[in-house]
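Participant: Have a look at this prediction, sequence included:
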Amino acid sequence: MDHSPLDIRLLGRYLESQVNGFKALKVAEKFPDGQSNPTYLLTAESGQYVLRRQPAGELLKSAHAVDREFRVIKALQQSDVPVPVALHLCEDRELIGSLFYIMSYEQGRTFWDPTLPELDAAQRSAIYDEMSRVLAALHDVDIESAGLQDYGRPGNYFERQISRWSKQYRASETETIPAMDHLIEWLPANMPDDGGEVSLIHGDFRMDNMIFHPTSTKIIALLDWELSTLGHPYADLAYQCMQWRMGRNDVISGFGEVDRKALGIPDESEYIAQYCQSRNIGSIPNWNFYLIFGFFRFAAILQGVLKRAIEGNASSGKAFEYGALTPKLANMAVQLID
């Protein structure tokens, strides 16, 4: 981890006055890059904490809304969704140059490879059961009781998302991709009735955004709430289930070609059944639509990454590799139509 340019003395004095029990900040270390909101491990006499802030410079209006992240983590404190303890939100931009919040530091394990090579088959199976349980718990959160009824626009989620990502894709188009043109026509014409279902959704629900207990398969914290909003729960579920169809070298590292049974990893249908059982719902009609939407949205996002790379504004060294996946993802979606 890198030592940060935060003013330790100034920040330490401030946190002692705002965070109950906080005492004598000693060091702030930045977690490795790769997150759009810089995140720091604070070590103080009173223990360890995490600070998450907006990046420096001009920001898009709705981007990097760390105050929204803090709000949702705070709202979930007493829920069945494991989150860090939300300790303090600082809205004074003068102190460190941006909004930031402080949360508890949850010490545990992060798994980067969804095939979980470091575990045995029984543990792998338990990890996937735990993920489907937490996703179900998230989608069953009572939005009104949690005070999140205005956390996003309720209803017509897919209609709005398809329109948004179609426009984003057109704005970042660098070549004609027939499969994307087909999807932009097909998706609005084949939208199922969403039944008016609205849930709190995470937006980036995947294994490496979770902290697992140091020795058990229990999730102790779901992190990175930057894309959370009110939306349709099956968008979250389909986003995660894309892994079952993607290869080992794709951006979302998948396991489309591995022997899942031998590894103890459930099939997609088993994972969905477990989720449905946790939520006490039947099967999911129109499942293919949600998967097709997931692949389309991801393809549109990666096209934006490619466009920024071509213009010399790449946020990742792998930007061109990511962009090259757009036609592949779009073709996977079109195959699901057929």
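Facilitator: Arrived safely, thanks for sending.

Participant: hey, let's count contacts and neighbours off CA atoms from now on
Facilitator: Fine.

Participant: who's S199 bridged to?
Facilitator: Beta-bridge partners recorded for S199 (DSSP bridges): G231.

Participant: the strands in the stretch 1-150 of the chain, which residues?
Facilitator: Using DSSP state E, counting those that start in this stretch, the strands found in the stretch 1-150 of the chain span residues 2-3, 25-30, 39-44, 47-53, 86-90, 100-104.

Participant: strands paired with the fifth one, and their directions?
Facilitator: According to DSSP bridges, strand 86-90 has the following sheet partners: strand 100-104 (antiparallel).

Participant: okay, the angle between the strand it pairs with and strand 39-44?
Facilitator: Angle of strand 100-104 versus strand 39-44, following axes from the mean of the first three to the mean of the last three Cα atoms, to 10 degrees, is 60 degrees.

Participant: just how off-centre is strand 100-104 within its chain?
Facilitator: Offset of strand 100-104 from its chain centre (Cα atoms, centre = their mean, to the nearest Å): 18 Å.

Participant: Just the CA coordinates for that strand, please, in PDB.
Facilitator: C-alpha atoms of strand 100-104 as PDB (Å, rounded to 0.1, in the frame of the first residue of the first chain):
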ATOM      1  CA  PHE A 100     -15.200  11.400   2.600                       C
ATOM      2  CA  TYR A 101     -16.500   8.900   5.000                       C
ATOM      3  CA  ILE A 102     -15.100   6.600   7.700                       C
ATOM      4  CA  MET A 103     -16.200   3.000   8.300                       C
ATOM      5  CA  SER A 104     -15.000   0.100  10.300                       C
END
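
Participant: Now it: buried residues?
Facilitator: Across strand 100-104, burial judged by 16 or more other Cα atoms under 10 Å covers 100-104.

Participant: Let me know the closest of those to E311.
Facilitator: Comparing the buried residues of strand 100-104 against E311 with Cα to Cα picks out F100 as the nearest, at 30.3 Å.

Participant: V66 is in contact with the closest one, correct?
Facilitator: Yes: under the criterion of Cα atoms under 8 Å, F100 makes contact with V66 at 6.5 Å.

Participant: what sits in contact with each of those two?
Facilitator: 52-54 (Cα atoms under 8 Å, 6 or more residues apart in numbering).
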